[in-house]
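> Mind looking at a prediction? Sequence and model below.
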Amino acid sequence: MKRHLENLGIALCGAVLVLATAGQSLAGPFDSAEAKCRKDISKNVQKALKTGSKTITKCHKSRNKGKVLLAVDCNDMAQADDKLKFDKAKNKLVSAVQKSCVDSGIDDDVMDFYNSCTSTCTASESLPNPLTVYTDLATCLGCMVEELVETNHATILGLPTDLTADKDGGKCHGTIAKGWSKHLLAYHKERTKCQDTAEGKAGACGLDDTDCATDTITKIDDAAGKAASGVTGKCTDGDLPGFNLTGGCSAAATTGDLNACALAQNGTDGSGDGGTITAATYELEGEDLCPIAVDSLIRAGTGIAGTTATRLDVGWTGEAHGGDLADDYFLSVDVTCPGAPGDCADGVTGCTVDGISPTGPQYSQFLRCKSDSTIECSNAFGADAACGGGPCVYTLGPPLPLSAGNNPVCVINQMSVDITGTLDPDAGSADLNLKLDAVVYLGEGVTKPCPTCDSDLVAADGNKDGTCSSGPNAGGACDVQAFSATFAAQANNEGTSLDCPSSPGQNISGTGLALDIPFTTGSSSLGFDLACDSPLGFLDCACGVCSLSSNPQVPCRNNADCGVGDGTCTSNGGGQAVSRQPNKCSNLVCTDLDGTFGECAAMGGGDTLTYCDGDLRANGEGYIACNSNADCSPLDTECSGGDCGNCTVTTTRPCFVDPIVATGVVDPDNPTIAATFCLTPTGNAAINGVSGSPGPARVWTDTVVSQRYK
């Protein structure tokens, strides 16, 4: 991966992402052999760091006493290491990694954290880019330690012209070397000790799973205090000009300034040289590499990560606005970017999306038979023997639970064809084309639209340790694939899973509603470009259905969307569809609030929506519709604690303004992709009436992305 994202608590453990939260997590930690490999890497980097630092400080000490020629640059390891002790330490690092990471037979789960060595070490050690084998990684880390020790000591110690006759100056210089070298070693030792423990016992899979890189550690602070007091005790301000300090420490006019500079150079909380080598011990980003794939974690509007930008607005009535998506599942795509491997410039642009990535974290979990989501298959977008010769499809996440106006549905979004598009991964911009067949099922209940997978030990690990709560596979084994903070909460030891489908008899969409969703990090707009249905034909509506299309019906924005033989974009869809309106406001006027969201002017009774207060969405909004308290009590058995409460939650009816706009967010780590699109009606009049279908829809999807290079 290019980056493990700080402050998001996320790390890719092997091929599966893990969330650093209590309870279930999406994946498993390193096994004992992998954890030992990581620990041996950190231990031998520590040994090399100690040997390198000792070698340079010893050279300075001998040089100050006249035992080494003044012409020797003790900050150059090649000149300082006259007994080749540091070379031996680097060789031990390679042999230790060979024994622990190669001879023990572990796979690439650990190696996947290390992409590129520094450009200087890649050149000097003739290393490949990307790194692919553990011994090359060890060579890289040895070289990086050497580079860091040379730079660190040159900055803090400088290179005195001649201290052979200046005993006080020599003692001062030696004290600086001894104290601040110990601090640098303590920094790396204590932080890697913390991380190794977390990865070996607590299941962490990288620095971003823990606070080991940034938390205050007493022993590090103690080492800094001892170094600083030693300098102030042995040095005077007048000693410093003769040391020929370089870098930031060249401005140190007092011992206090020097101590402050040395502390900053070594690091305090993830910064400085200590932070650099600690981070490199566990992860190396891609340097000058073109990504071959991008992994996107889809986050719900309210979920494990808290509140995000994700939001789903469905239909023209406004009652199905403000919905949520499933939380914490992957959409991974392969990409082709301009530039050769190892020679890809920063700011990679113009990458082509080559389709769903077969090496993505949850690829096999979401590859299922179109006719039966419990059956796994392998021939994506083609006929598959596991499906009885029927099609094998890629499913966009697990089942999606939605509930509005007391009409719950469970939706399985199947990709009808592979994903296409373009993206600029370094900038964090994208344009993606998704064509879905949304298979819609009547919900299990108002508060549980989809069957849940309960009591799974570890989510998304491929092991079916959970049990389906209901549906045709009730009591059957399942693996949680994502969560819904409202309808399948991690906190309740529940999740959603394709192993737990709805009953086929509850299908109200046939082979699925055809959806064409153009996701973008830019702006997506959908105009009111059609005459509404009678008797409101004098008004403009957004979206319709091609008049002659049947199974599946073709959604359209205008006549141009209807192909040859599909008629014109005017029909309300017939059958169970409802006549289209611009909105459900009592005066048919939507008040524009901010250029994106709208609401009715609250002139009529229907402009205020009321809900039971005993069971709310995770974001605090109501979804169980009521007109009085008496409407809430019949649903008590479905609500938390057996009580749906009273009819006290009110909101003004939302509506779409013309044009309907959704704007994404360009960001290399945390982009938001947005889309506006058209919906076709289901085969159920109640569902169509509550949402307003056929009609428009809008979605924002908050994502966390990382790039893969190998």
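Yep, it's here. It should be emphasised that the depicted structure is a prediction, and the values quoted were computed from it without experimental measurement.
> Please report the distance of the closest residue to residue 74 other than its chain neighbours from residue 246.
Distances taken as CB to CB, 6 or more residues apart in numbering place residue 59 nearest to residue 74, at 3.7 Å, with adjacent residues excluded. Where C-beta positions appear, they are placed from N, C-alpha and C, glycine not excepted. Computed with CB to CB, to the nearest Å, the distance linking residue 59 and residue 246 is 16 Å.
> Those two: which is more packed in?
residue 59 (24 against 16; other CB atoms under 10 Å).
> Who are the packing partners of the helix or strand encompassing that one?
Using DSSP states H and E, residue 59 sits in helix 32-64. Identification of packing neighbours for helix 32-64 by 3 or more CB pairs under 8 Å, 6 or more residues apart in numbering; DSSP states H and E yields helix 77-80, helix 85-97, helix 134-157, helix 167-197, helix 272-282.
> buried set for the fourth one?
Residues of helix 167-197 classed as buried: 169-170, 172-196 (neighbour count, 16 or more other CB atoms under 10 Å).
> Measure how far it is from the centre of its chain, please.
For helix 167-197, the separation from the chain centroid amounts to 36 Å (computed by CA atoms, centre = their mean, to the nearest Å).
> Toward the C-terminus, what is the element adjacent to it?
Heading C-terminal from helix 167-197 (DSSP H and E), you reach helix 218-234.
> That following helix vs helix 272-282, what angle?
150 degrees (axes from the mean of the first three to the mean of the last three CA atoms, to 10 degrees).
> For helix 218-234, could you pull out the residues that count as buried?
Of all the residues in helix 218-234, those buried under the rule 16+ other CB under 10 Å are 220, 223-224, 226-228, 230-231, 234.
> between these, which is nearest residue 588?
Within the buried residues of helix 218-234, the smallest distance to residue 588 is 66.6 Å, found for residue 220 (CB to CB).
> That closest one: what's it in contact with?
183, 186-187, 190-191 (CB atoms under 8 Å, 6 or more residues apart in numbering).
> try it again with 10 Å
By CB atoms under 10 Å, 6 or more residues apart in numbering, the contact list for residue 220 reads 183-184, 186-191, 266-269, 274.
> measure it to residue 266 for me?
9 Å.
> Residues that sit against both of these two, list them.
Common neighbours of residue 220 and residue 266 (criterion: CB under 10 Å, 6+ apart): 183-184, 186-188, 274.
> Please enumerate the strands of the stretch 251-400 of the chain.
Remark: strands assigned in the stretch 251-400 of the chain by DSSP state E, counting those that start in this stretch are 293-299, 302-303, 306-307, 311-314, 320-323, 329-336, 351-356, 367-369, 372-376, 382-383, 391-395, 400-404.
> and residue 47, which of these is closest to it?
Across the strands of the stretch 251-400 of the chain, closest to residue 47 is strand 293-299 (CB to CB), at 34.2 Å.
> coming back round to it: now tabulate the shared contacts of residue 220 and residue 266 in JSON lines and tack on pLDDT and distance to residue 398.
Shown next, in JSON lines, are the shared contacts of residue 220 and residue 266 (pLDDT from 0 to 100; distance: CB to CB, whole Å):
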{"residue": "183", "pLDDT": "98", "distance to residue 398": "49"}
{"residue": "184", "pLDDT": "98", "distance to residue 398": "48"}
{"residue": "186", "pLDDT": "97", "distance to residue 398": "47"}
{"residue": "187", "pLDDT": "98", "distance to residue 398": "43"}
{"residue": "188", "pLDDT": "97", "distance to residue 398": "42"}
{"residue": "274", "pLDDT": "97", "distance to residue 398": "42"}
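> I'd like the buried residues of helix 218-234 laid out as CSV, including distance to residue 431 and pLDDT.
CSV is the format used below for these (distance: CB to CB, whole Å; pLDDT from 0 to 100):
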residue, distance to residue 431, pLDDT
220, 47, 97
223, 51, 98
224, 50, 97
226, 57, 98
227, 53, 98
228, 54, 98
230, 59, 97
231, 57, 97
234, 63, 96
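> Looking at those, which is nearest residue 633?
For the buried residues of helix 218-234, the nearest to residue 633 is residue 220 (60.2 Å; CB to CB).
> ok, the residue in the chain sticking out farthest from the centre to residue 110 distance?
Outermost residue of the chain with respect to the C-alpha centroid, by CA atoms, centre = their mean, is residue 165; its distance is 59.8 Å. According to CB to CB, residue 165 stands 53 Å off from residue 110.
> now the nearest residue to residue 463 once chain neighbours are set aside: how far from residue 468?
Among residues not flanking residue 463 along the chain, residue 479 sits closest, at 6.1 Å (CB to CB, 6+ apart). As judged by CB to CB, residue 479 and residue 468 stand 11 Å apart.
> Give the residues shared as contacts by these two.
Shared contacts of residue 479 and residue 468, counting by CB under 10 Å, 6+ apart, come down to 453, 497, 499-500.
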